[in-house]
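Engineer: Need a 3D model of the following:
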Amino acid sequence: MKAMQCRTLGGPENLTETVLTDPVAGDGEVVVDVQAAGVNFPDGLIVAGTYQTRHEPPFVPGCEVAGTVRTIGAGVTGLTPGDRVTAFCGLGGYAEQVAVAATKVHRIPDELDIVDAATVPVVYGTSYHGLVDRANLQPGETLLVLGASGGVGLTAVQIGKALGARVIAAASSPEKLQLAADHRADELIDYRAQDLAARLRELAPKGVDVVYDPVGGDAAQAAVKSLAWGGRFLTVGYASGDIPRVGLNRLLLKEGAALGVLWGAWAGREPEANSANMSRLFELFTAGSLRPVVSRSYPLADASAALAAVMGRAALGKIALRIEE
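Structural biologist: Okay, the predicted model is just below:
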């Protein structure tokens, strides 16, 4: 099979097209014929060797895919060859085939396009887990989403609206904010042109109930200060490259909570709960409440360019790879 392999840690340009032995399904595994793969910020961190979990080269990056089940291993139930699926593979997604634990493979509705499906597990899984399992977001509450046009940010806007929240979307350009508005964000803040803290005082004088932050940096400091009584701050990632230092006194004064959201690790520990979340997400897709946004798709051979676009924060919504049959 063809694959894009990282042989030396570094930038996206280090990915090399290669031919590898086809994978074999072990016990509890399935092999997926990959038709599309999502491209994610953590993929770039893994290639650079700066992710929480370090992988030694050579390896094939790519943590999420969609396609059809090719073969199943011993002990696998509920999946059969030919099923249309999406899967969280962690590694190996930038390839024509990948072996994945069956607990991380989910059948997808017929209405969901295969390229769109490849971008579902990480960003929608993260946002749903964060907003529902961690923050317990309620109808009528105010949700602030930082980085609202990116992969996870835009899904948080969509899921927040589906849950009945009032959504304030913050991003760094009018173009990015327009995308959030197209997905029903109630209020918009350009935090490069406007003072985030001052604008939040205008839009939410009693504070925001939940902050969803995949960005970090200075915006996180202002967001914590904006929390309402009993507010919850979700730290999801640090796309800005700056891990914020938040004063605990800010949480004390509001009886607030800072909550980490590490969906991949949680899904591995709680596969049944994650499967229930994915089923609920597919119900929302079928109902039209959620709509994946893939701003661009690249052929597998151009994985370096696709990953560079993601790492440069140039993507609106998600970027995907197309794997030709």
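Engineer: pLDDT below threshold where in the chain?
Structural biologist: Applying pLDDT under 70 to the chain flags residues 325.
Engineer: Need the residue closest to the centroid of it.
Structural biologist: By Cα atoms, centre = their mean, the chain has its centre lying nearest to residue 123, at 2.0 Å.
Engineer: That residue and residue 192, how far apart?
Structural biologist: Taking Cβ to Cβ, to the nearest Å as the measure, residue 123 falls 23 Å from residue 192. Every residue, glycine included, has its C-beta placed from N, CA and C.
Engineer: mind listing the helices for the stretch 101-250 of the chain?
Structural biologist: Remark: helices assigned in the stretch 101-250 of the chain by DSSP state H, counting those that start in this stretch are 114-118, 121-128, 151-162, 174-182, 196-203, 218-225, 248-254.
Engineer: what sits up against the fourth one?
Structural biologist: The list of residues contacting helix 174-182 from outside it, by Cβ atoms under 8 Å, 6 or more residues apart in numbering, reads 145, 148-149, 153-154, 157, 169, 171, 185, 188-190, 293, 316-317.
Engineer: Same question for the last one.
Structural biologist: Defining contact as Cβ under 8 Å, 6+ apart, one finds that helix 248-254 is touched by 207, 224-225, 227-231, 233, 256-258.
Engineer: same question, the second one
Structural biologist: With contacts defined as Cβ under 8 Å, 6+ apart, helix 121-128 is touched by 38, 40, 42, 63-64, 86-88, 104, 106, 151-152, 154-156, 158-159, 212, 236, 261, 263-264, 267, 274, 277-278, 280-281, 290, 292, 318.
Engineer: Where do the strands of the stretch 1-150 of the chain begin and end?
Structural biologist: Using DSSP state E, counting those that start in this stretch, the strands of the stretch 1-150 of the chain run over 2-6, 15-19, 29-39, 64-72, 84-88, 97-101, 105-107, 142-146.
Engineer: Pick the most deeply packed of the ones you listed.
Structural biologist: strand 142-146 (a mean of 30; mean count of other Cβ atoms under 10 Å).
Engineer: Just the buried ones among the contacts of helix 121-128, please.
Structural biologist: Among those, those that count as buried by neighbour count (16 or more other Cβ atoms under 10 Å) are 38, 40, 42, 63-64, 86-88, 104, 106, 151-152, 154-156, 158-159, 212, 236, 261, 263-264, 267, 274, 277-278, 281, 290, 292, 318.
Engineer: Nice, that's everything, thank you.
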